[in-house]
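Asks: coords please:
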Amino acid sequence: WAEITAATKTGFSVTGSAATGKVGPVVGLVDIGECEDSYMFRVALPGVKRDDGDFSCEVDPMGKVLIKGVTTTGEKSVYKYSQVFEMQTQNLCPPGHFSISFQLPGPVNPEQFSGNFGIDGILEGIVMKQKHTS
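Replies: The predicted structure is shown next:
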């Protein structure tokens, strides 16, 4: 695990069901923005459970973001309303555990991090930049 997360010093990494590369909505597409005092990121997480026990997002002082979770879509059989649906296509990310890590452009104050995981499947986070001390 340490080797995988160490590889994200200059890019991002995905593991588990996010790494399979199936066609359809992809788990882990990342946008990063910057303003004078903070960074913002958005991560596509379609079909990801938002339960506290199954989902976490952590930011370390060097600006590394680590997201862990479980996808719930992409299965071959779907059980809904006392019926079993055999799916003819599987275009969504396969179900299972995943992790995503990426590096923000600079150091941050992880205590000043706020995140919102919307019902649209987009995780949006804002974290304050580390203040320079002279």
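
Asks: tell me the strands in this structure, going along the chain?
Replies: In the chain, the strands defined using DSSP state E lie at 12-16, 30-34, 38-44, 56-59, 64-71, 77-80, 83-86, 96-103, 108-117, 122-129.

Asks: could you tell me the least trusted of those?
Replies: Per-stretch mean pLDDT for those is lowest at strand 12-16 (a mean of 60).

Asks: winner for burial among the strands of the chain?
Replies: Comparing the strands of the chain by mean neighbour count (mean count of other C-beta atoms under 10 Å), strand 64-71 ranks first with a mean of 22. Yep, even glycine has a C-beta here, placed from its N, CA and C like the rest.

Asks: run the angle between that strand and strand 108-117 for me.
Replies: Angle of strand 64-71 versus strand 108-117, following axes from the mean of the first three to the mean of the last three C-alpha atoms, to 10 degrees, is 20 degrees.

Asks: send the alpha carbons of strand 64-71 over as CSV?
Replies: Extracted as CSV, the C-alpha positions of strand 64-71 are listed here (Å, rounded to 0.1, in the frame of the first residue of the first chain):
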residue,chain,number,x,y,z
LYS,A,64,-1.9,14.4,-0.4
VAL,A,65,-5.6,13.5,-0.6
LEU,A,66,-6.6,9.9,0.1
ILE,A,67,-10.2,8.7,-0.6
LYS,A,68,-11.4,5.2,0.3
GLY,A,69,-14.8,3.8,-0.3
VAL,A,70,-17.1,1.1,-1.8
THR,A,71,-18.9,1.2,-5.1
